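> Sequence and predicted model, in that order:
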Amino acid sequence: MTTKTFDCVAMKHRGAEAVARRLDGKTPEEQLAYWQERTKALRDRQQARRHAAHRPENHPAGEQA
């Protein structure tokens with residue numbers, strides 16, 4: 001039998017609770033602004049990682065990204 005060292009469901013619940021606390025008491029407009037800002041931040045991080053993954057110094061000689 002394996003020992004579970006990471007509980008994905010518990011992590012998801014903690015994240016949802018944290019977001020709920022951040023949004024508690026905010027108007028629908030403020031909530032929309034929050035999600036727009038967080039979406040932009042995520043897309044920016046994804047783009048930065050994509051660019052970093054395709055830099056030649058991140059691949060051994062002869063390997064393609």
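Okay, I see it.

> now Ala8: how far from Ala20?
Rather than Ala, residue 8 is Cys. 19 Å (CB to CB, to the nearest Å). For every residue, glycine as well, the C-beta is placed using N, CA and C.

> Ok, Thr5 next?
Thr5 is 26 Å from Ala20, by CB to CB.

> who's more crowded, those two?
Ranked by neighbour count (other CB atoms under 10 Å), Thr5 and Ala20 place Ala20 first, with 9 against 5.

> Spatially central residue for this structure, please.
Centroid-nearest residue in the chain: Leu42, 5.8 Å away (criterion: CA atoms, centre = their mean).

> Can you spell out which helices and strands pack onto the longest helix belonging to the chain?
Among the segments of the chain that qualify as a helix by DSSP state H, the longest is helix 28-53. Contacts defined by 3 or more CB pairs under 8 Å, 6 or more residues apart in numbering; DSSP states H and E place helix 28-53 against helix 8-23.

> tilt between the helix it packs on and helix 28-53?
Angle of helix 8-23 versus helix 28-53, following axes from the mean of the first three to the mean of the last three CA atoms, to 10 degrees, is 130 degrees.

> tell me what helix 8-23 is packed against?
For helix 8-23, the packing partners by 3+ CB pairs under 8 Å, 6+ apart come out as helix 28-53.

> pLDDT averaged over the helix it packs on, what's the number?
Averaged across helix 28-53, the pLDDT comes to 97.

> what about Thr3, which SS state?
coil (DSSP: H, G, I helix; E, B strand; the rest coil).

> Next, it: phi, psi?
phi -100, psi 130 (degrees, to the nearest 10).

> swap in Phe6?
Dihedral angles (degrees, to the nearest 10) for Phe6: phi -140, psi 130.

> and it, what pLDDT?
On pLDDT, Phe6 comes in at 89.

> Then Glu57?
Glu57 is given a pLDDT of 76.

> what about it, how many neighbours?
Neighbours of Glu57 under the rule other CB under 10 Å: 5.
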